[in-house]
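Colleague: sharing a model prediction with you, sequence too.
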Amino acid sequence: MIHYMRLGGVPPKHHVTHRENGQLLMEQSMTRVGFDSTYTTLYFRTPPTDECMVKGMELPGFCPVKPIDEQLLHRRHIRTQDIKHEGDFLTGRRTVLMNDDVQVGIVKTAKPAGNAWFSNGAGDECWFAYDGGGVLESVYGVLPFKKHDYVIIPKGTPYRLLPESDRATFLVFESGTYIDVPKQFRNEAGQITMDAPFCHRDFRMPTELLKFDEARHGSGPYDLIVKFGNRLSVHEYQHFPWDIAGWDGFAYPVAFNIHDYQPRTGAIHLPPTIHITFAGRGFIICSFVPRKVDYYKNGDVQAIPCPYGHASVDCDEILYYVEGNFTSRKGIESESISLHPMGVPHGPHPGTYERSVGTDRTNELAVMCDTFKPLLLTDFADSIEDKEYHYSWVRRENEAIETSK
C-alpha cells in the first residue's frame, strides 16, 4: 500500500517450507485484484481456515443498512455531535451516508473493545480519529495511532480497534474497493513524488507482531465478524486465529496524521481538489488544514479567500468539521457533516464571502469527501438531520422557515 515491509521471520522464497521449532507454518497470500496487484504473504502457526462455526448476525444502524425512502434534492446538515456514545469500535458503528462506492459512518464508543474482531470483506476502510489515539490490533501486528490520524485498513484484514479512552469518536469511510495514495502522487517506481502533499516518512506502519495475551484477548472461543455486501457473518474459532510468525508484502494497515499534510496555496483561490489526500473508486478524501490563504493583490483588486459559489454538477460533497473557524459556514459546529449534492449550487453563507477579503490565514480543520454518485442518507442520519439547513442562506433572525419534512 505504501512500500514493501516485513515483520517477523519469512523464508527466502515464496511457497517453500518455513518451520518454527520443527512445525511447518501455513503460508497464506492476501492478494488484490486477483493475483495482479499488491499482496502480502503471512505465515500462520495454526491455519486461519480452522473455523468451528459460522452464523449470521445484525448490528442495527450499521449492517444491514438502507437509505431513506425519499430524499429531496437540497443541501443538508447531519448533526453527528448528537449521536450518543454506546457500544465499542464495532457495535457502536452507525452508517449515515451511502452509495455503491463508499459508505460514511460515525463511531462513538462507550466501552472497551470486546473479544470479537472484525473484517471488511467488501473493501478498504479509512478511520479518522477525531479526539484521541489508541492501538489497532490486526493480523499484521500492532499499529499505534494518535489524535487526528487517518488509519487505513486493507480489505479482508481481521482487526480490533482499541481507543485509549472508552469515550472515543471516529469518522469512518468504507470503500467498495480500495482506498490509497492517489496515482498522481506516485512515480513509475511506486515512490511518492516530491511534489506530493506528503512523503513516505509521514506514514506509520505496524510496529510489532501481535502476541497472544489471555488477559488481553480472552480465553475463547474467538469471533471474527465479516462484512460482505449488506450482511454480517460470525466465524468462530476455538484457537486464537491471528497468531503469526511473520509476514512481508505491500498490503497492511498504515496511519497518517492530518497535521502532516502539506497544504497548497495560490495567489487566487484554487479548487478543493488540491486538498486530495486519498482516493478510492468513485470518490476522494481531502484534508483541510490550517494554512496560508490566497494572497493576490493588484491595487484595489484582491483575492477572495472564501470558497466561491459553485455548482459541481457531477459530484456530491461532504465536509466533516473537526475544529477551528469554518469561515464559509454559519450554524456549523465541530462534528457536523454538511452534504452539498450535485444538481443544486452551493457556496458561502451570506457575509462570510466579503469578510474573508484581506485575511491571510485559515485555521480550519476538516475532512472532505467528493463522490461521483449521489450520497443517500440512512434512516439513522435522517433522525439527526438539521432540517432547516438548506434555508440558512436566506433565513433571517427569528423567522420561521417551512422545511421539506
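Modeller: That came in fine, so what should we check first?
Colleague: can you list the domain ranges for this structure.
Modeller: Domain assignment for the chain by automatic domain parsing gives 5-257, 262-386.
Colleague: so how far is the first residue of the first one from its last?
Modeller: To tie it back to what came earlier, the one meant is domain 5-257. Domain 5-257 has its terminal residues 20 Å apart, counting by C-alpha to C-alpha, to the nearest Å.
Colleague: same question for the last one.
Modeller: Distances were taken as C-alpha to C-alpha; on that basis the terminal residues of domain 262-386 are 33 Å apart.
Colleague: how about residue 248: what's its closest non-neighbour residue?
Modeller: residue 6 (3.8 Å; C-beta to C-beta, 6 or more residues apart in numbering). Every residue, glycine included, has its C-beta placed from N, CA and C.
Colleague: which helix or strand contains that neighbour?
Modeller: In the assignment (DSSP states H and E), residue 6 maps to strand 5-8.
Colleague: swap in residue 27?
Modeller: Using DSSP H and E, residue 27 falls in strand 26-31.
Colleague: what is the mean pLDDT for that strand?
Modeller: The average pLDDT within strand 26-31 is 92.
Colleague: note down every partner strand of it and its orientation.
Modeller: Taking DSSP bridges as the criterion, strand 26-31 pairs within the sheet with strand 39-44 (antiparallel).
Colleague: quick one: low-confidence ranges for the stretch 51-200 of the chain?
Modeller: For the stretch 51-200 of the chain, no stretch is flagged by pLDDT under 70.
Colleague: secondary structure class of the spatially most central residue of the chain, three-state.
Modeller: Closest to where the C-alpha atoms of the chain average out (C-alpha atoms, centre = their mean) is residue 126, at 2.6 Å. Counting by DSSP: H, G, I helix; E, B strand; the rest coil, the backbone at residue 126 sits in strand.
Colleague: quickly list what the nearest residue to it once chain neighbours are set aside is bridged to.
Modeller: Nearest non-adjacent residue to residue 126, counting by C-beta to C-beta, 6+ apart: residue 173, 4.3 Å away. Here residue 173 sits in beta bridges with residue 104, residue 126, going by DSSP bridges.
Colleague: can you check residue 77 too?
Modeller: For residue 77, the beta-bridge partners are residue 338 (DSSP bridges).
Colleague: ok, now which ones touch it?
Modeller: Shown in contact with residue 77 (C-beta atoms under 8 Å, 6 or more residues apart in numbering): 331-332, 336-339, 385-386, 389.
Colleague: from residue 140, how far out is the residue nearest to residue 248?
Modeller: Separation of residue 6 from residue 140 (C-beta to C-beta, to the nearest Å) stands at 11 Å.
Colleague: what's the answer for residue 134, then?
Modeller: 16 Å.
Colleague: so the two - more neighbours on which side?
Modeller: Taking other C-beta atoms under 10 Å, residue 134 and residue 140 do not tie; residue 140 has more neighbours (29 against 23).
Colleague: number of residues surrounding the nearest residue in space to that one that is not next to it in sequence?
Modeller: Nearest non-adjacent residue to residue 140, counting by C-beta to C-beta, 6+ apart: residue 252, 4.4 Å away. Residue 252 has 26 neighbours, counted by other C-beta under 10 Å.
Colleague: equivalent analysis for the one 3 residues further on, please.
Modeller: Using other C-beta under 10 Å, residue 255 is surrounded by 21 other residues.
Colleague: bridge partners for it, pull those for me.
Modeller: With DSSP bridges as the rule, residue 255 is bridged to residue 151, residue 204.
Colleague: what mean pLDDT does stretch 332-351 get?
Modeller: Averaged across stretch 332-351, the pLDDT comes to 86.
Colleague: next one: stretch 239-259
Modeller: 95.
Colleague: could you number the chain from 9 rather than 1 from now on?
Modeller: Got it, first residue is 9 now, which makes that one stretch 247-267.
Colleague: which residues touch the closest residue to residue 87 other than its chain neighbours?
Modeller: Of all residues beyond its chain neighbours, the one nearest residue 87 is residue 392 (5.0 Å), with distances taken as C-beta to C-beta, 6+ apart. Shown in contact with residue 392 (C-beta under 8 Å, 6+ apart): 86-88, 90-91, 104.
Colleague: mind redoing it with 7 Å?
Modeller: Contacts for residue 392 (C-beta atoms under 7 Å, 6 or more residues apart in numbering) come out as 86-88, 90-91.
Colleague: pretty sure residue 292 is touching residue 284, no?
Modeller: Yes. Using C-beta atoms under 7 Å as the test, residue 292 is close enough to residue 284 to be in contact (5.1 Å).
Colleague: and the helix or strand that contains residue 126, what other elements does it pack with?
Modeller: Applying DSSP H and E as the criterion places residue 126 in strand 125-128. The contact analysis (3 or more C-beta pairs under 7 Å, 6 or more residues apart in numbering; DSSP states H and E) places strand 125-128 against strand 167-171, strand 230-236.
Colleague: all set now, cheers.
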